[in-house]
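Asker: Provide a 3D model corresponding to the input given below.
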Amino acid sequence: MASPNPVLAGLACRCPNCGEGHLFEGYLKVAACCEACGFNLSSADSGDGPVVFIVLIVGMIVTFSALFVEFTVHPPIWVHLLIWLPLTTVLTLVLLRPFKGVMVAMQFHNKASEARHDG
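Answerer: Here you go, the predicted structure:
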């Protein structure tokens with residue numbers, strides 16, 4: 001059995017080994033092991049990687065959209081706050097889980113692990 005594409009498995013929040021089991025137990029907590037193939041997922045640690053990409057992507061979308069609206073429509077500041085703060089929150093929450101899934105899947109695909117220096 002060939003391993004699934006790590007990007008597609010991560011976006012679908014599926015096991016990076018079989019592509020079938022759930023990767024997460026809750027919203028962002030990585031499962032201890034895959035329910036389908038038993039693959040050990042407990043060593044997964046994406047750290048701040050997904051957040052960096054999300055900050056850049058959401059920041060670019062919201063910033064350029066807000067500038068476009070400001071220069072074309074000139075709404076009052078409260079309209080900007082009413083539009084862009086909820087949009088930023090929603091985009092961040094929607095993108096966080098799939099981006100973390102991709103980072104975890106890529107970590108397993110590339111056999112990445114933390115460097116340990118046991119003295």
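Asker: okay, which residue is most central for the protein?
Answerer: Phe99 (2.0 Å; C-alpha atoms, centre = their mean).
Asker: I'd say that residue and Val52 touch.
Answerer: No - using C-beta atoms under 8 Å, Phe99 is not in contact with Val52, being 9.4 Å away. Where you see a C-beta, it was placed from the backbone N, CA and C, and this is true even at glycine.
Asker: returning to that earlier point: nearest spatial neighbour of the residue nearest to the centre of the chain, chain-adjacent residues omitted?
Answerer: Pro50 (3.8 Å; C-beta to C-beta, 6 or more residues apart in numbering).
Asker: For the one you found, give me its contacts.
Answerer: 96, 99-100, 102-103 (C-beta atoms under 8 Å, 6 or more residues apart in numbering).
Asker: Out of these, which comes closest to Arg14?
Answerer: Val102 (11.0 Å; C-beta to C-beta).
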